[in-house]
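Asks: test case, fold it:
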Amino acid sequence: MKKPVILCADNFYLSSKALEKLSEAGTVVWSKTSKEDDIITEAKEATVIASEYGRITSRIIDLAPKLKAISVWGVGYDHVDVEAASNRGICVTNCRGANAESVAEHTFTMLLVLSRRALALDNFVRKGNWNMQQEVGLSPAMIPHDLYGKTIGIIGFGEIGSRVARIARGFDMRIVAYDPYVSEERLKEFGATAIPLESLLKVSDFVTVNTVLSPETRGMIGEAQLAQMKPTTILVNVSRGAVIDQAALSRALVAKKIAGAGLDVFIKEPVDLNDALLQLENTVLSPHIAGGSQEALDSTSMVLAEEICRVLGGGTPRNLVNRTQLQKLGFL
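Replies: Numbers count the residues shown, from 1 in each chain. Sure thing, here's the model as predicted:
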């Protein structure tokens, strides 16, 4: 009996154990290109398409007659036409929670580097400017600030946001959160208080963005929202670049309307080397690697493999992101 085809639509990481598991369940085929027309050709025999960033469009979905599922390597699925998949009864799954610890730790890495002025102080020592033992020799921009006792505002309180809150409790921070889809009881489990977004922006010393990208969240942090923050606020985005108006953020950082920003994600990736954000000293930047620790890579690839195997075995994925749509359309 011919094995089902699992098409990997872009070049993502698979551990040897995950690849072995997938190879037992089906024939793993790696796409030679990210072009839509080429993927359409390769997807004609596919039962499952797996993708990290490669766009899975309505054309690809409609021209893949055997397709049962689209499995996202990672959490964000804004590159998949979920509506088109749902209309055909195709499951869309992700790896929710698999890299949450890694992303939460990266969030706090950025918070600490910025609040403790780690890069500036490291540079101060390396350049031989440390010539006295008194702090009076440092400029105000190099004086560290504590997390202890400060207010952290968490936008998006899913698997990652809740772990950010858990770490924040270790610093004895006050935790406020905005997520209209999470109950107050769930927030209280992690010591967080639910408040409106506008209030969160006004009271927080640190703001972390941990939400998925959707029509509702695209551009949710723009000029008006940045203006509501304190001039001492540090903003960290580890979700998707388009959640924040990047040009407005650059202007706010240049004008010192907020103190700093840690960005793991950008509207354009890789980021343009002429982007104003790269010229600023009050930013810490990383190449969309928050969920990329070795442990997270292994975990994510195994969750992907397990979800695909559930589909091929006739079961329902655990991380079914279009469950509601499939139920409304009578597919579940």
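Asks: could you list the domains of this protein?
Replies: 5-98+295-325, 100-285 (automatic domain parsing).
Asks: doesn't Gln225 lie inside a strand?
Replies: No - read with DSSP: H, G, I helix; E, B strand; the rest coil, Gln225 is helix and lies in no strand.
Asks: for Leu332, which of the domains of the chain is the nearest?
Replies: Closest to Leu332 of the domains of the chain is domain 5-98+295-325 (CB to CB; 6.7 Å). Any C-beta I mention is one placed from the backbone N, CA and C, and that applies to glycine too.
Asks: pLDDT (mean, whole number) over the closest one?
Replies: Averaged across domain 5-98+295-325, the pLDDT comes to 96.
Asks: tell me which of the domains of the chain is the most buried.
Replies: Greatest average neighbour count among these goes to domain 5-98+295-325 (a mean of 19), per mean count of other CB atoms under 10 Å.
Asks: who wins for proximity to Phe331 among the domains of the chain?
Replies: Phe331 sits nearest to domain 5-98+295-325 of all the domains of the chain, at 4.0 Å, using CB to CB.
Asks: about what we covered before: any chance of the domains of the chain in CSV, plus distance to Phe331?
Replies: Shown next, in CSV, are the domains of the chain (distance: least, CB to CB, whole Å):
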stretch, distance to Phe331
domain 5-98+295-325, 4
domain 100-285, 21
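Asks: three-state assignment of the most centrally placed residue in the chain?
Replies: With distances taken as CA atoms, centre = their mean, Ser239 lies nearest the centre of the chain, 3.1 Å away. With three-state DSSP as the basis, Ser239 sits in coil.
Asks: go ahead and confirm it touches Ser214.
Replies: No - using CB atoms under 8 Å, Ser239 makes no contact with Ser214, being 10.6 Å away.
Asks: let me see the ranges of the helices in the stretch 51-200 of the chain.
Replies: 58-62, 82-87, 100-115, 118-126, 159-170, 184-189, 197-203 (DSSP state H, counting those that start in this stretch).
Asks: alpha carbons only: can I get the fifth one in CSV?
Replies: Going back to what we said before, that points to helix 159-170. What follows is helix 159-170, C-alpha atoms only, in CSV (Å, rounded to 0.1, in the frame of the first residue of the first chain):
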residue,chain,number,x,y,z
GLU,A,159,1.0,29.4,26.4
ILE,A,160,3.8,31.9,26.1
GLY,A,161,2.2,34.9,28.0
SER,A,162,1.3,32.7,30.9
ARG,A,163,4.9,31.5,31.2
VAL,A,164,6.1,35.1,31.0
ALA,A,165,3.8,35.7,34.0
ARG,A,166,5.2,32.8,35.9
ILE,A,167,8.8,34.1,35.5
ALA,A,168,7.7,37.6,36.4
ARG,A,169,6.4,36.3,39.8
GLY,A,170,9.9,35.2,40.5
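Asks: which residues make contact with that helix from outside it?
Replies: With CB atoms under 8 Å, 6 or more residues apart in numbering as the test, helix 159-170 has contacts from 75, 96-97, 100-101, 103-105, 107-108, 147, 152, 154-155, 157, 175, 177, 179, 186, 189-192, 208, 210-211, 238.
Asks: any idea how far the closest residue to Gly156 other than its chain neighbours lies from Pro180?
Replies: Residue nearest to Gly156 in three dimensions, not counting chain neighbours: Thr211, with 3.0 Å by CB to CB, 6 or more residues apart in numbering. Using CB to CB, to the nearest Å, Thr211 is found at 10 Å from Pro180.
Asks: Lys3 too?
Replies: In this view, Lys3 and Pro180 are 43 Å apart by CB to CB.
Asks: likewise for Leu197?
Replies: Here the criterion is CB to CB. By it, Leu197 lies 9 Å from Pro180.
Asks: CSV please, covering the helices of the stretch 51-200 of the chain and showing distance to Asp37.
Replies: Output for the helices of the stretch 51-200 of the chain, formatted as CSV (distance: least, CB to CB, whole Å):
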stretch, distance to Asp37
helix 58-62, 9
helix 82-87, 17
helix 100-115, 34
helix 118-126, 45
helix 159-170, 35
helix 184-189, 44
helix 197-203, 41
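Asks: among these, which comes closest to Ser16?
Replies: The nearest among these, by CB to CB, is helix 100-115 at 19.8 Å.
Asks: rewinding a little: of all the helices of the stretch 51-200 of the chain, which one is nearest Glu295?
Replies: With respect to Glu295, and counting by CB to CB, the nearest of these is helix 100-115 at 6.7 Å.
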